[in-house]
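Asker: I'd like to go over a predicted model; first the sequence, then the structure.
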Amino acid sequence: MPDMDKKTVSHFKQKLTDELGRVEVELRSLGWKNEAGEWDANGGDIDQTATESDELGDRQEAYQENRAEIDEIQIQWKNIKRALEKIEEGTYGVCEISGEEIEEDRLEANPSARTCKAHMDEEASLGV
């Protein structure tokens, strides 16, 4: 691990754990975790007064909206999980592109950051 002391690592681990809890609450409000460990969307609540075709259309629309939100939030969820794994492996705070130390102020702003400031624009190219 970079030159982080145990107190600093513990601080970031707590921030990540708290963030993971918030993200999972949000994901559970939109769907459920399937057997593969991925999040899937639900189709919303059933309106008992709607006609069948209305109900199916409403449920499909709700599913698509929830799916889109889950897709975006799931990236954040995976990055948090990855950062927590890196803490356990002793590789937290290392830029995945350059191998350099990620600046502490960058990690403070985004504890699950995968790159240093110099490579922020390339982080999305790393994939999920």
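Answerer: Thanks, I have the structure now. The structure displayed is predicted, hence computed values, not measured ones. Numbering: from 1, shown residues only.
Asker: helices along the protein, start to end?
Answerer: 6-30, 52-89, 104-109 (DSSP state H).
Asker: got a list of what residue 106 touches?
Answerer: Contact analysis of residue 106 by C-beta atoms under 8 Å, 6 or more residues apart in numbering lists 113, 116, 117, 120. For glycine as for every other residue, the C-beta is placed from the backbone atoms N, C-alpha and C.
Asker: now residue 100, what are its backbone angles?
Answerer: With angles defined as degrees, to the nearest 10, residue 100 sits at phi -80, psi 170.
Asker: per-residue confidence for the nearest residue to residue 87 once chain neighbours are set aside?
Answerer: With C-beta to C-beta, 6 or more residues apart in numbering as the criterion, residue 87 has its nearest non-adjacent residue at 5.3 Å, and that residue is residue 13. pLDDT recorded at residue 13 is 97.
Asker: right, and residue 13 touches residue 84 too?
Answerer: Yes - the criterion here is C-beta atoms under 8 Å, and residue 13 meets it with residue 84 at 6.9 Å.
Asker: same drill for the two, tell me which one is more crowded.
Answerer: residue 84 (19 against 16; other C-beta atoms under 10 Å).
Asker: from residue 99, how far out is the more buried one?
Answerer: Residue 84 is 20 Å from residue 99, where distance means C-beta to C-beta, to the nearest Å.
Asker: next one: residue 121
Answerer: In terms of C-beta to C-beta, residue 121 sits 17 Å off from residue 99.
Asker: before we move on, what about residue 19?
Answerer: 25 Å.
Asker: of those two, give the one with the bigger neighbour count.
Answerer: Neighbour count, other C-beta under 10 Å: between residue 19 and residue 99, residue 19 has more, with 19 against 8.
Asker: which residues touch the more buried one?
Answerer: Taking C-beta under 8 Å, 6+ apart as the test, what residue 19 contacts is 80, 111, 112.
Asker: could you dump those to JSON lines with distance to residue 54 and neighbour count?
Answerer: Shown next, in JSON lines, are the contacts of residue 19 (distance: C-beta to C-beta, whole Å; neighbours: other C-beta atoms under 10 Å):
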{"residue": "80", "distance to residue 54": "38", "neighbour count": "22"}
{"residue": "111", "distance to residue 54": "44", "neighbour count": "24"}
{"residue": "112", "distance to residue 54": "41", "neighbour count": "23"}
